[in-house]
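Q: My questions are about this predicted structure, shown below with the sequence.
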Amino acid sequence: MTEGFKYSILASGSTGNATYIETDKRKILIDAGLTAKKIEEGLESIGRSAKDLDSILITHEHSDHIKGIGVLARKHHLNLYANELTWRKLLDDNMLGKVDPELVKIFDMGKMLTFDDIDIESFGVSHDAVAPQFYRFMKDNKSFVILTDTGYVSDRMAGTIADADAYIMESNHDVEMLRYGPYPWRIKQRILSDKGHLSNEDGAISALTVIGRHTKKIFLGHRSQHNNTLDLANITMKTQLQQHDVDTNVLQVLNTSHEEASQLFDI
């Protein structure tokens, strides 16, 4: 049996998000905010196939996280996990199209479920969705955390996700680019609010509160195409880490893409 697990960030950005997790016994997506075709192409680019998936974990109901879920679930008969309030929103508003009731599974916020050989813990975040939650994946004393779509990181959140081996950490926007950018003021207010998104600076500060001796990778996630750049996100994170004596040659800061899957990493 293989120790640890594998993961790939199929897409991360304001236009679509999806992450792939693989163990010996499970092949799981977290969100599918691209078309089903693009998800399938992303998996093929890392030598994997959507027909081998068994489940999708849903974080919240925004379109950049659920766009391809309905089609993928119907085509490949995938179990779908979300908390009860999120399911109520998805089903009442028919956001996924027709879903076989047998595929609807409840994953309560703040709970841990075991999926054969991997443990997954859910935790709530602060975002303008009905009950948004993200996940920590744990196997063989290794862990991987996805944390995007939150306006801030509470002490409770930080305690839940501390000292993971790798993180997708939100670096959504540069505050000055957002303020002077093309978005309407009400959208800017939403993004900057406690139920919006972490800026580059806030993402870096949050990273400093959770990293530990096991942490080797931070992926900069959910980057806005209009209010951020790869260089700004990267420089902000590295500068904050270095100012707190974190060796960024040991702890790697890595970019993500909204259109190209990452390599398949081992953890």
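A: Right, received. Where do you want to start? Numbers count the residues shown, from 1 in each chain.
Q: burial count for residue 31?
A: Here the number of neighbours of residue 31 (other C-beta atoms under 10 Å) works out to 30. C-beta: built from backbone N, CA, C; applies to glycine.
Q: so how far is residue 191 from the nearest residue to it once chain neighbours are set aside?
A: If the residues on either side of it in the chain are set aside, residue 31 comes closest to residue 65, at 4.2 Å by C-beta to C-beta, 6 or more residues apart in numbering. Residue 65 sits 16 Å away from residue 191, taking C-beta to C-beta, to the nearest Å as the criterion.
Q: who's more crowded, these two?
A: In this view residue 65 and residue 191 are compared by other C-beta under 10 Å, and residue 65 has more residues nearby, 24 against 21.
Q: my read: the more buried one touches residue 34, true?
A: No: with contact defined as C-beta atoms under 8 Å, residue 65 does not reach residue 34; the gap is 9.9 Å.
Q: Show me the helices in the protein, by range?
A: Listed in chain order, the helices of the chain (DSSP state H) span residues 36-45, 63-66, 69-76, 84-92, 155-161, 175-179, 185-192, 200-210, 230-243.
Q: Using a markdown table, lay out those helices together with distance to residue 140 and mean pLDDT.
A: Written out in a markdown table, the entries for the helices of the chain read as follows (distance: least, C-beta to C-beta, whole Å; pLDDT from 0 to 100):
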| stretch | distance to residue 140 | mean pLDDT |
| --- | --- | --- |
| helix 36-45 | 24 | 98 |
| helix 63-66 | 28 | 98 |
| helix 69-76 | 27 | 98 |
| helix 84-92 | 30 | 98 |
| helix 155-161 | 18 | 96 |
| helix 175-179 | 39 | 97 |
| helix 185-192 | 38 | 96 |
| helix 200-210 | 20 | 98 |
| helix 230-243 | 27 | 98 |
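Q: With distance to residue 266 added, can I get these in TSV?
A: Conversion of the helices of the chain to TSV gives the following (distance: least, C-beta to C-beta, whole Å):
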stretch	distance to residue 266
helix 36-45	17
helix 63-66	26
helix 69-76	25
helix 84-92	31
helix 155-161	20
helix 175-179	35
helix 185-192	34
helix 200-210	21
helix 230-243	23
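Q: hey, which of the ones you listed is tucked in deepest?
A: Stretch with highest mean neighbour count among the helices of the chain: helix 200-210 (a mean of 21; mean count of other C-beta atoms under 10 Å).
Q: Write down the beta-bridge partners of residue 112, one by one.
A: On DSSP bridges, the residues paired with residue 112 through beta bridges are residue 121.
Q: That one touches residue 135, doesn't it?
A: No: contact status for residue 112 versus residue 135: not in contact, 9.9 Å apart, counting by C-beta under 8 Å.
Q: Tell me which of these two has more neighbours.
A: Between residue 112 and residue 135, counted using other C-beta under 10 Å, the more crowded position is residue 135 (25 against 13).
Q: per-residue confidence for the more buried one?
A: According to the prediction, residue 135 has pLDDT 98.
Q: Could you shift the numbering so residue one becomes 5, and keep it that way?
A: Sure, I'll start numbering at 5, so the last one becomes residue 139.
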